[in-house]
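**Student:** pasting the structure only:
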């Protein structure tokens, strides 16, 4: 027969185990959220090496390719692919040693049109606020750099973005040069939120070590739903209303499980940029 004291001790042990389980679950949820954040924007574009961060952007260095615990940021969806087949053609293997000279008119209006397999996405560019970034995109688009490239990452948990601009389609590609961070105090970034419709640069910045500034290259992300992010990523454009409908269609199709090699959660939709053009209006 179990004594009252033994029963009391048993209940105390069970209470302790429950507390430990809750703490473990809380830590797991925190790691999952942070891994999601890192998988979206913690991209090292200089030198063509993929880098992820854990914590809130803290380098972990656990894996050779990803550098962090890979946590899927989306549940696989069985939705049909809403996009058409890509246009004929191949990605051009282009690279430059230094940033192109700024030749755009900072006072003019520029628009980038991404003709994708899922529909056209028009982006109003912020030339006066982010001249280096807009100039780089104008240069790269004119060279055909973005043509036939895949948008390689879609996140559907915590932050809601489609990431594009990598000719390798892995998250490791770049143009060979980097551009400075710009416009980090944009009035649209309130409360550490990148609002839906924002187009911003991916980079390598680590807020804890305060290293990795000015490491933008060619990879960028399009926000299809308000996303909690610190203002560390150059906002340089805004998606049109028609473009937002295309983004929503892509997001509705869901994302694949995280790739064990790259950590990418690729969109289920086949998102390929058939042609990218930047025009002055």
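**Tutor:** Yep, it's here. What you see is a predicted model, and the numbers here were worked out from it, not measured in a lab.

**Student:** what residue ranges in this protein score low on pLDDT?
**Tutor:** 1-3, 6-7, 23-78 (pLDDT under 70).

**Student:** which residues in it form strands?
**Tutor:** For the chain, the strands defined by DSSP state E occupy 53-54, 58-59, 110-116, 119-125, 149-150, 153-154, 160-164, 193-194, 198-201, 220-225, 227-228, 235-239, 272-280.

**Student:** Taking strand 110-116 as reference, get the angle to the last one.
**Tutor:** What that stands for is strand 272-280. For strand 272-280 against strand 110-116, the angle by axes from the mean of the first three to the mean of the last three Cα atoms, to 10 degrees is 160 degrees.

**Student:** Sort out which residues of strand 272-280 are buried, please.
**Tutor:** Neighbour-count burial for strand 272-280, counted by 16 or more other Cβ atoms under 10 Å, picks out 272-276, 278. Heads up, the C-betas are built off the backbone N, CA and C, glycines and all.

**Student:** Could I get the strands of the chain in a markdown table, plus columns for distance to residue 173?
**Tutor:** Converted to a markdown table, those look like this (distance: least, Cβ to Cβ, whole Å):
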| stretch | distance to residue 173 |
| --- | --- |
| strand 53-54 | 19 |
| strand 58-59 | 20 |
| strand 110-116 | 17 |
| strand 119-125 | 20 |
| strand 149-150 | 8 |
| strand 153-154 | 12 |
| strand 160-164 | 11 |
| strand 193-194 | 23 |
| strand 198-201 | 14 |
| strand 220-225 | 12 |
| strand 227-228 | 23 |
| strand 235-239 | 19 |
| strand 272-280 | 13 |
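
**Student:** And these: which comes nearest residue 260?
**Tutor:** Among the strands of the chain, the nearest to residue 260 by Cβ to Cβ is strand 153-154 (14.7 Å).

**Student:** partner strands of the closest one, parallel or antiparallel?
**Tutor:** Here strand 153-154 is paired, per DSSP bridges, with strand 160-164 (antiparallel).

**Student:** now the partner strand against strand 119-125, angle please.
**Tutor:** Angle of strand 160-164 versus strand 119-125, following the same axes, to 10 degrees, is 90 degrees.

**Student:** Now do strand 160-164: distance to the chain's middle.
**Tutor:** Relative to the chain's own centre, strand 160-164 is displaced by 5 Å; criterion: Cα atoms, centre = their mean, to the nearest Å.

**Student:** Noted, bye for now.
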